[in-house]
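Visitor: Have a look; sequence and predicted model below, questions after that.
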Amino acid sequence: MITSILKIPVSSTNYIKATKKIRDIIINNKKVYICVAAVHLIMECQTDKKLLKGVQSADIITPDGMPLVWLSRLYGNKKTSRVYGPDLTLVLCKLAEHFNYKVFFLGGSPAQSEQVMKRMISKFPKLKVVGNIDTPIRPIPVIDNQKIIKTINKSKADIVFIGLGCPTQELWMINNRSKLNIPILIGVGAAFDFITGKVNQAPLWTQNLGLEWLYRLKQEPRRLFNRYCILNTLFISKITKQIVVDLINGKL
């Protein structure tokens, strides 16, 4: 089932359902991209028509942030769970190890994608990693991007984990999906930073209360002020209007 949140069709899913669908995609050799959506991505889509259209075309849009989980439940999808980029990365690496799928890591500061690769192999010793590339310059320069496309295609990966940050990773998937012969592209946001310990991850109780944004803002106030203080406020305003309209129209 789907919940429309400010024109974004968020999947009412959980890790088990998402994993099953991803396995089906690989088995059937489909070529898709997957977005993990928090409030940040929803709000970026409100001012970028290309991004909005591209995200709407994603095969799966998981509720990465708790506000999207709560909204999905409000709209009747009671079994929706958070499907969080960093945790989904671990779940899919475990899946890849079990079924011998090949994975590729794209993104991060210098040497970071290699660190991610090593951490994942330490957790999943039989994981078949067929490549990794850092992307310290964003957006990726055209010549570098052409090389990246060739390298990924040559690797014959089944899953490419993309850690370019929102909305750069979504735009990269939208722009390059047709050039890649890989079943699964998935943007995993800050997963690379959490996996390598570059950024401390919020305690689970903080995540469950929807207060992860406050924990991260305390760590990086200058970089994240606009995202969490300005965009979150605008989101509350816009989603309140959506809820009121849906109540009036009998959709809630």
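Guide: Noted; the coordinates are in hand.

Visitor: all helices of this structure, in order?
Guide: Along the chain, the stretches classed as helices by DSSP state H are 15-27, 39-47, 49-56, 66-74, 85-99, 112-123, 142-155, 168-176, 191-196, 204-208, 212-219, 221-225, 232-248.

Visitor: Return the last one as PDB; C-alpha atoms alone will do.
Guide: Once non-C-alpha atoms are left out, helix 232-248 reads as follows in PDB (Å, rounded to 0.1, in the frame of the first residue of the first chain):
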ATOM      1  CA  ASN A 232      10.900  20.800   9.200                       C
ATOM      2  CA  THR A 233       8.800  23.900  10.000                       C
ATOM      3  CA  LEU A 234       7.700  24.300   6.400                       C
ATOM      4  CA  PHE A 235       6.900  20.500   6.400                       C
ATOM      5  CA  ILE A 236       4.600  20.800   9.400                       C
ATOM      6  CA  SER A 237       2.800  23.700   7.800                       C
ATOM      7  CA  LYS A 238       2.300  21.900   4.500                       C
ATOM      8  CA  ILE A 239       1.300  18.600   5.900                       C
ATOM      9  CA  THR A 240      -1.100  20.200   8.300                       C
ATOM     10  CA  LYS A 241      -2.900  21.800   5.300                       C
ATOM     11  CA  GLN A 242      -2.900  18.400   3.500                       C
ATOM     12  CA  ILE A 243      -4.500  16.700   6.600                       C
ATOM     13  CA  VAL A 244      -7.100  19.400   6.900                       C
ATOM     14  CA  VAL A 245      -8.100  19.100   3.200                       C
ATOM     15  CA  ASP A 246      -8.200  15.300   3.500                       C
ATOM     16  CA  LEU A 247     -10.400  15.500   6.600                       C
ATOM     17  CA  ILE A 248     -12.800  17.800   4.800                       C
END
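
Visitor: show me what contacts the nearest residue to N145 once chain neighbours are set aside?
Guide: Nearest residue to N145 in three dimensions, chain neighbours excluded: N176, at 7.3 Å (CB to CB, 6 or more residues apart in numbering). Yep, even glycine has a C-beta here, placed from its N, CA and C like the rest. Contact analysis of N176 by CB atoms under 8 Å, 6 or more residues apart in numbering lists 145, 149, 185.

Visitor: what's across from I133 in the sheet?
Guide: L106 (DSSP bridges).

Visitor: tell me the contacts of it?
Guide: 105-107, 113, 148, 151.

Visitor: Between which two of the residues you listed is the distance greatest?
Guide: With CB to CB as the measure, no two of the contacts of I133 lie farther apart than G107 and T151, at 13.6 Å.

Visitor: and those two? which has more neighbours close in?
Guide: Neighbours were counted for G107 and for T151 using other CB atoms under 10 Å; G107 has more, 29 against 16.

Visitor: any idea of the pLDDT on that one?
Guide: Note on G107: pLDDT of 96.
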